[in-house]
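1. Any chance you could fold what I've pasted below:
(one chain, ligands or ions: 1)
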Amino acid sequence: MQVTARAPSSTANLGPGFDVFGLALDAFFDEITLTKTRAGITIITEDNIPLSPSKNTAGLVVAYMKKRFKVKSGVQIKIRKGVPAGYGMGSSAASAAATAVAFDRLFRLYLDGNTLVECAGVGERASAGSIHYDNVSASVLGGFVIVRTKPLDVIRITPPADLRLCVAVPKLKVPPKKTEVSRSVIPKQVNLSDSVKNLSNAAAIVAGFLKKDSTMIGTSIQDVIVEPARQHLIPGFSAVKKNALRAGALGVTISGAGPSVIAFATKKSDLAKIATSMKNGFATAKTDCDVIVCKPSSGARITK
Ligand code: ADP
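-> Next comes the predicted model:
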C-alpha cells in the first residue's frame, strides 16, 4: 500500500558536458512516500514547492506513469525535501527520481534503468520548461552518467573512490524561472575552436572516470562555451573560482544552471581550505553561502 524511496542531489554539465553529463552527489537527499488511494493524485509536503500535481515534478511523474502503465489506483505523494530547490543541485530531479523508483515498486512494474530515467525525466518539464535527463539520470542511477537521447540511452560509470567535491550554495533569492533564464543566455552558435576545446575536455572527463583518475577528471573541468556566458548571473563567481583553484581545487565550474559553484578535488586535497576559500570568494560579492564537502552517491533506492 505504501513505499518510500530516497534519491540524491546531483550536479549537471561538469563544465564541458552541457546537457550530457551528470554526477550524483551525497550532499542532500529527497524522500518520497507514495501511498495507494481510491482515485486521483494528491501531494502533501511542508516544503516550499508547488502543491499542484501538474506543477510538481513528483506529480508529473506519477501522472505519466499512471497513464503509461495503465494504473487505475489513486496515489498520494508525500514529499520531504532535502535538496534545496533552484540552486543547481538537481532538486526537482531528486523528487522525480525517487518518485519513479517508488512507483515502480508500489505497482510492481520491474522497469529497467533507462525506462525509470525516461519516466523521471517527464517531471523536469515542471521546473526547466523542457525535458533534460542529466540530473534525473544521475539521481536515478547514481554515479557518473552520460546521456544520449533519441532514443534515450544512459551510460553509467562508477566514479573513482577518492573523488571529492566542494559545493558552495549561495544564499541568494533564486528567480522562479531560473533554469529558463540561465538557458536563455547561452550562445545559439559556437566557434569550432571552442567546440574542439570543450570536446577534448569532455572526452578527458569520460576517460578519467573510466581510468578512475580523479586528477584527470578535475583538471578537465574546463568549459569555454557555457560557463563564460552564464557566470555573470552568479555574483562573485570569478573570485570563488580563483580562490578555490588557489586553495588546491583541480577544477571549478557552475553546478548545473547555478547558482551553486562546484569544485573538484580528491580525498588528499585540503578540502577545508577549499571550502573556506569558496566562502571568502562569495563574501567579495557580499553573499553568504553554505559549502558542502561531498562524494559521488549511489542512485535512488527504496527505504521502506
Ligand atoms: P535545480 O536543479 O537548480 O535545483 P530545479 O530544476 O530543481 O532547480 O528547479 C526548481 C524549480 O522546480 C522550483 O521553481 C520549484 O518550485 C520547482 N519544483 C517543482 N516540483 C519540485 C519538486 N518536487 N522539488 C523541487 N522543486 C520543484
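2. Next up, the contacts around the closest residue to G86 other than its chain neighbours.
-> In space, G86 comes closest to V174 once its chain neighbours are excluded; the distance is 4.0 Å by CB to CB, 6 or more residues apart in numbering. Placement of C-beta: from N, CA and C, glycine included. By CB atoms under 8 Å, 6 or more residues apart in numbering, V174 lies in contact with G86, Y87, P259.
3. With P170 instead?
-> Residues counted as contacts of P170 (CB under 8 Å, 6+ apart) are Y87, I234, P235, G236, P259, S260, V261, F282, T287, D288, C289.
4. these two touch, right, L51 and A58?
-> No - at 10.7 Å, L51 does not count as touching A58 under the criterion of CB atoms under 8 Å.
5. S182: neighbouring residues, count only.
-> Using other CB atoms under 10 Å, S182 has 23 other residues around it.
6. Verify the contact between it and Q231 for me.
-> No - in this structure S182 lies outside contact range of Q231 using CB under 8 Å: 10.5 Å.
7. Pull the most distant pair out of the contacts of P170.
-> Y87 and G236 (14.8 Å; CB to CB).
8. of L51 and A58, who's got more company?
-> Using other CB under 10 Å as the criterion, L51 and A58 rank with A58 on top: 33 against 12.
9. need the residues of this protein near the ligand, please.
-> With CB under 6 Å from any ligand atom as the criterion, the chain meets the ligand at residues 49-50, 56-58, 79, 85-92, 95, 126-128, 135, 176, 179, 256-257.
10. run the last query once more with 5 Å
-> Taking CB under 5 Å from any ligand atom, the part of the chain that reaches the ligand is made up of 49, 56-58, 85-86, 88, 90-92, 95, 126-127, 179.
11. between those residues, which is nearest A207?
-> Taking CB to CB as the measure, A207 lies nearest G90 of the residues of the chain next to the ligand, at 24.2 Å.
12. Let's test this: mean pLDDT of the longest helix seen in the chain, rounded?
-> Ranked by residue count and defined by DSSP state H, the top helix of the chain is helix 192-211. The pLDDT scores in helix 192-211 average 98.
13. likewise stretch 74-94?
-> For stretch 74-94, mean pLDDT is 96.
14. can you pull the alpha-carbon coordinates of it into PDB?
-> C-alpha atoms of stretch 74-94 as PDB (Å, rounded to 0.1, in the frame of the first residue of the first chain):
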ATOM      1  CA  GLY A  74      -5.000   6.900  -7.000                       C
ATOM      2  CA  VAL A  75      -1.700   8.000  -5.400                       C
ATOM      3  CA  GLN A  76      -0.900  10.200  -2.500                       C
ATOM      4  CA  ILE A  77       2.600  11.700  -2.800                       C
ATOM      5  CA  LYS A  78       4.400  12.800   0.400                       C
ATOM      6  CA  ILE A  79       7.500  14.800  -0.300                       C
ATOM      7  CA  ARG A  80      10.300  15.500   2.200                       C
ATOM      8  CA  LYS A  81      12.800  17.800   0.500                       C
ATOM      9  CA  GLY A  82      16.500  17.600   1.500                       C
ATOM     10  CA  VAL A  83      17.800  19.100  -1.800                       C
ATOM     11  CA  PRO A  84      17.400  22.900  -1.800                       C
ATOM     12  CA  ALA A  85      15.200  23.800  -4.800                       C
ATOM     13  CA  GLY A  86      16.600  26.000  -7.500                       C
ATOM     14  CA  TYR A  87      20.200  26.000  -6.600                       C
ATOM     15  CA  GLY A  88      21.700  23.800  -9.300                       C
ATOM     16  CA  MET A  89      21.700  20.700  -7.200                       C
ATOM     17  CA  GLY A  90      19.100  18.800  -9.100                       C
ATOM     18  CA  SER A  91      16.300  19.400  -6.600                       C
ATOM     19  CA  SER A  92      13.300  18.700  -8.800                       C
ATOM     20  CA  ALA A  93      15.100  15.800 -10.400                       C
ATOM     21  CA  ALA A  94      15.700  14.200  -7.000                       C
END
